[in-house]
Structures are given as C-alpha cells and as structure tokens.
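J.: Fold the following.
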Amino acid sequence: MAWVILVLAGLFEIAWAVGLKYTDGFTRLIPSVATLAAMVVSIGLLALAVKTLPLSTAYAIWTGIGAVGAVVLGIVLFHESASPARLACLALIIAGIVGLKMVSPE
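T.: Reported below is the predicted structural model:
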C-alpha cells in the first residue's frame, strides 16, 4: 500500500509543478489555491509513504515521478523541446526510478 501512496504523492507533485505555470507567479487565485492544495496533498502522502518505505528510496522516487511527469507535460502542454538528448535523459531518470524500486527491501 505504501507504494501506491508514493505513486499518488508523485502524481500530486506533477500536478503542483505544472500548476506553478498556471499561477502566473501566484497572481491568479484559483490556480494558486489548487497548486498549493496539490503541494500539501503531495507532501502529506509522501509523509505517509515514508512511514513504511526507506526515506532515501521514497524521496528519490517521488522526485523522479515529479520530474518525469513535469517534463512530459511540459512537452505536451507547453510545447517544450522533445529533443533526443532530453528524451534520453528522461529515460535515465525512469531507469533510476525502476532500479530503486527493484532493489528496495519493501
């Protein structure tokens, strides 16, 4: 169950990272409130996950999920570069996430 909670925390991290773009520097009320709520939920879920999972593994996977999701949504929503070099770096992050999960004792 801790892994499911960790993945959910990562998804909320993606939400708040992308939400930052829509807040326009926290000058737009509704996107700002939604972004702050996603931050709180993400951290709260991470806190629950680390009750069971090793902190180092959980934190690295949480940030990795957020990074991968932010890059993918940046490409899709904001037409950011999808160069081969960026995609290769993204693949390395994904490999790191999978590797940490595979060697985790939990």
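J.: leaving aside the residues next to it on the chain, what's closest to residue 67?
T.: Counting by C-beta to C-beta, 6 or more residues apart in numbering, the nearest residue to residue 67 once its immediate chain neighbours are dropped is residue 93, at 5.8 Å. In this view, the C-beta of every residue, glycine as well, is placed from N, C-alpha and C.
J.: Phi, psi for that neighbour please.
T.: When quoted as degrees, to the nearest 10, the phi and psi of residue 93 stand at phi -60, psi -40.
J.: tell me the contacts of it?
T.: With contact taken as C-beta atoms under 8 Å, 6 or more residues apart in numbering, residue 93 is in contact with 64, 67-68.
J.: need the longest helix for this structure.
T.: Criterion DSSP state H: the longest helix present in the chain is helix 55-78.
J.: For that one, give the mean pLDDT please.
T.: pLDDT averaged over helix 55-78 equals 96, rounded to a whole number.
J.: what packs against it?
T.: Of the remaining helices and strands, those touching helix 55-78 by 3 or more C-beta pairs under 8 Å, 6 or more residues apart in numbering; DSSP states H and E are helix 2-23, helix 29-49, helix 84-103.
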